[in-house]
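*Asks:* sharing a sequence plus its predicted fold:
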Amino acid sequence: MIYTPAEPSPPALRLASTGTLTYGLSVGEVLGVSTLAGARLIGGASGLDRIVQRLNVMEVPDILAWVKPHELLLTTGYPLRNTPQSLGRLVTDLDERGLAALAIKLGRYLDELPVEMIEQADRLGFPLILLPNDVGFDDILNQVLTDILNRQAAILARTEEVHRALVQIVLGGGGLQDVIDEVATLFDVAVIAVDGDRRMLAGAGPEEHVKAVCDAWVDGPGWPGAQPGYGGNGDHVVVPVVAGGFDHGRIIAYSAGGTLRETDVGILERAATVAALVITKQQAVAAVESKYRADFLRDILAGRAGADDRIISHCTGFGWDLDRPVAVAVAELDPEGRGGGTAETRLGRADRVPEPRTEDGRAKGGEERQAQDRLATAWTAAVRRRDPKAAVASFAHEVVAVVGLSGDGDLAGLVKDATTVFGEHPGRRRTFSTGVSRVVACPTSLPEAYEQAVKSVRVGRQLHGFGSLAHFNELGVYRLLSLVADAGELHAFVRETLGELAGDDDPEAVDLRRTLQVLLETNLNVAETARRLHFHYNTLRYRIGKLERMLGSFTEDAHLRLNLTLALHVLRMRGI
């Protein structure tokens, strides 16, 4: 049959071994050139989208040793004349080597191709083409190679044009949204940019199409098996946004009508390069602004920022509102257990804290810094959602927020929001503890509030373990115990007061200590204590007698009861 070309199919883009982008024409487009007007496609019609990137003419008997991928092989029947019975196998071998198509002149050496060969070509989708005898191989070579080069030049020119347009946007001060707007206009499709956590950074195009992409990539798992590259049926193209070895996310173009071409991958990769430049610039600016904000908040909490009027005026430029009742919240990563220290050591000498190291002396701060950055991001998002006028900053080992909250419910909700965002990261699970100060009415009271929040983190972790939330007003006597800087003195007090009951090695001693604790909690109410511990009344009377022989007559001595209560509270403070 004479092949009549349909609408030209899109050329393809492939990555060559040199790392350069190469282009070609589909077999269907090659058959549309004028020199092949009389060519007949006799097999493999389903392979017309195969890509031709080079042409070759062979008249040697063994052609398999010389063929190359994406090649249109032109030959006569001479290399095939002695082996017609194996031509079906030849098609299989050529297909396995990636040959695009085989074009043959018959007549002098071979009258016709065997049916088995044509059937195998149909099964594999390997185009077999019969050439007219009056067309020279050199004419075919010249015309097809010219079309390939022209197509490649046109695509490269368009790519460069797009790149220049996008660079001009950046040089003119445009942001990521401006870049995505331009890409959507150039391709006339929906385009979105997402970060590494699939949060949408920018989007443009028809609203319903943008929503379709977001449903798949932001709220869903993405297209099944979708990798960076061409979607296969023209509905989407995905390219990574990478700069300096860091993956900043993806740019996704979506066409409901399947109008995207495989060559659009190269153009979108240029757009991704420009987007990476914009993101890197934005991150650099944000880092400088964040450091400036953090430095000023550090000065406020250390009492070095001046009077209330100056602090309020300066904070207004940051979008912070500290001219209202606020509380200080401090969040710390748990595993490192950095609960100690005064505000002066935290704020004034934080930069000189030695870097954590592994047993062989290597620094292990990279992972810790990443976790700290995630904690800062989580708290910033949570605080902004609940109080846009709050001040948030990340210090060396903690995140500090100065927020206007009306009650504990708001505090618990804030911590829950931050925990949810922090836990979305797929890496190793981490927890953080949070301490909250009393509410203060003026900025110059914030240093004291910061000390309260720091103390709440430390005591809350000691009392409740990792992931705790402690309010300074709820610490009670633990607030006073936390002021004792000498842990050895606390240990000595516990041993002197509780004696044999101070340790955890003897199960009987631990059981008696539990009995003592409930007795003190019930103000020596024997009946209530027996009910709580599920003891018989006489059994409890026996235990009380044993406790008094070990500790003294605490049922009659109020001062001894106070000492015993304090000692038990110290034991509850983990890490002392």
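*Replies:* Nice, I can see it. Numbering: from 1, shown residues only.

*Asks:* rest of the way, CA atoms for contacts and neighbours
*Replies:* Noted.

*Asks:* any buried residues in the helix ranked longest in the chain, and which?
*Replies:* The single longest helix within the chain, with elements called by DSSP state H, is helix 264-301. Using 16 or more other CA atoms under 10 Å as the test for burial, helix 264-301 gives 264-280, 290, 293-301.

*Asks:* hey, where'd the helices end up in the stretch 451-576 of the chain?
*Replies:* Per DSSP state H, counting those that start in this stretch, the stretch 451-576 of the chain carries helices over the ranges 477-481, 487-498, 507-521, 526-533, 537-551, 558-572.

*Asks:* for the residue lying farthest from the centre of the chain, give me its contacts.
*Replies:* The C-alpha centroid of the chain is most remote from residue 108, which lies 65.1 Å away (CA atoms, centre = their mean). Residue 108 sits next to residue 77 when contact means CA atoms under 8 Å, 6 or more residues apart in numbering.

*Asks:* confirm it sits in a helix?
*Replies:* No - assignment of residue 108 by DSSP: H, G, I helix; E, B strand; the rest coil gives coil, placing it outside any helix.

*Asks:* where's it relative to residue 77, distance?
*Replies:* Distance of residue 108 to residue 77, given as CA to CA, to the nearest Å: 7 Å.

*Asks:* quick revisit: next, work out how far apart the residue farthest from the centre of the chain and residue 80 are.
*Replies:* When distance is defined by CA to CA, residue 108 is 12 Å away from residue 80.

*Asks:* figure out how far stretch 432-450 is from the centre of its chain.
*Replies:* Chain-centre distance of stretch 432-450: 32 Å, with CA atoms, centre = their mean, to the nearest Å.

*Asks:* err, stretch 538-553, not the other one
*Replies:* That offset, for stretch 538-553, works out to 60 Å (CA atoms, centre = their mean).

*Asks:* likewise for stretch 371-382?
*Replies:* Distance, centroid of stretch 371-382 to centroid of chain: 13 Å (CA atoms, centre = their mean).

*Asks:* who touches that stretch?
*Replies:* Outside stretch 371-382, the residues that touch it by CA under 8 Å, 6+ apart are 333, 392-394, 397-399, 414-415, 417-419, 421-422, 430.

*Asks:* what's the closest of those residues to residue 214?
*Replies:* Comparing these against residue 214 with CA to CA picks out residue 421 as the nearest, at 19.1 Å.

*Asks:* elements contacting the helix or strand where residue 104 lies?
*Replies:* Element membership of residue 104 [criterion: DSSP states H and E] is strand 101-105. For strand 101-105, the packing partners by 3 or more CA pairs under 8 Å, 6 or more residues apart in numbering; DSSP states H and E come out as strand 71-76, strand 128-130.

*Asks:* how about these, which one is nearest residue 190?
*Replies:* Proximity to residue 190 (CA to CA) singles out strand 71-76 among these, at 35.1 Å.

*Asks:* helices or strands up against the closest one?
*Replies:* Looks like strand 71-76 contacts strand 54-58, strand 101-105 (3+ CA pairs under 8 Å, 6+ apart).

*Asks:* gap between it and the chain center?
*Replies:* When C-alpha coordinates are averaged (CA atoms, centre = their mean), strand 71-76 and its chain have centres 49 Å apart.

*Asks:* phi, psi of the residue farthest from the centre of the chain?
*Replies:* Main-chain torsions, residue 108, degrees, to the nearest 10: phi -80, psi -40.

*Asks:* so what pLDDT did it get?
*Replies:* On pLDDT, residue 108 comes in at 71.

*Asks:* that one and residue 36, how far apart?
*Replies:* From residue 108 to residue 36 the distance is 20 Å (CA to CA).

*Asks:* and for residue 186?
*Replies:* Using CA to CA, residue 186 is found at 34 Å from residue 36.

*Asks:* comparing the two, which shows the higher neighbour count?
*Replies:* Neighbours per residue (other CA atoms under 10 Å) separate residue 186 from residue 36, with residue 36 holding more: 21 against 10.

*Asks:* which residues touch that one?
*Replies:* Residue 36 is in contact with 30, 131, 132, 135, 140, counting by CA under 8 Å, 6+ apart.

*Asks:* switch the cut-off to 10 Å
*Replies:* Residues near residue 36 by CA atoms under 10 Å, 6 or more residues apart in numbering: 2, 3, 30, 129, 130, 131, 132, 135, 139, 140, 143, 144.

*Asks:* of the residues you listed, which belong to helices?
*Replies:* Within the contacts of residue 36, residues falling in helices by DSSP H are 30, 139, 140, 143, 144.

*Asks:* for these, which single residue is the most surrounded?
*Replies:* Most neighbours among the ones in helices among the contacts of residue 36, by other CA under 10 Å: residue 144, with 26 neighbours.

*Asks:* surely that one touches residue 71?
*Replies:* No - Residue 144 is beyond contact range of residue 71, at 11.7 Å (criterion: CA atoms under 10 Å).

*Asks:* pull up the overlap in contacts between those two.
*Replies:* Counting by CA under 10 Å, 6+ apart, the residues touching both residue 144 and residue 71 are 52, 53, 54, 55.

*Asks:* which among the residues you listed gets closest to residue 318?
*Replies:* Taking CA to CA as the measure, residue 318 sits nearest to residue 53 out of these, at 57.5 Å.

*Asks:* which residue is the nearest non-sequential neighbour of the closest one?
*Replies:* Nearest residue to residue 53, sequence neighbours excluded (CA to CA, 6 or more residues apart in numbering): residue 24, at 4.6 Å.

*Asks:* for that neighbour, give its distance to residue 68.
*Replies:* To residue 68, residue 24 is 14 Å away according to CA to CA.

*Asks:* also residue 103?
*Replies:* Note on residue 103: its distance to residue 68, by CA to CA, is 15 Å.

*Asks:* now residue 373
*Replies:* Here the criterion is CA to CA. By it, residue 373 lies 50 Å from residue 68.
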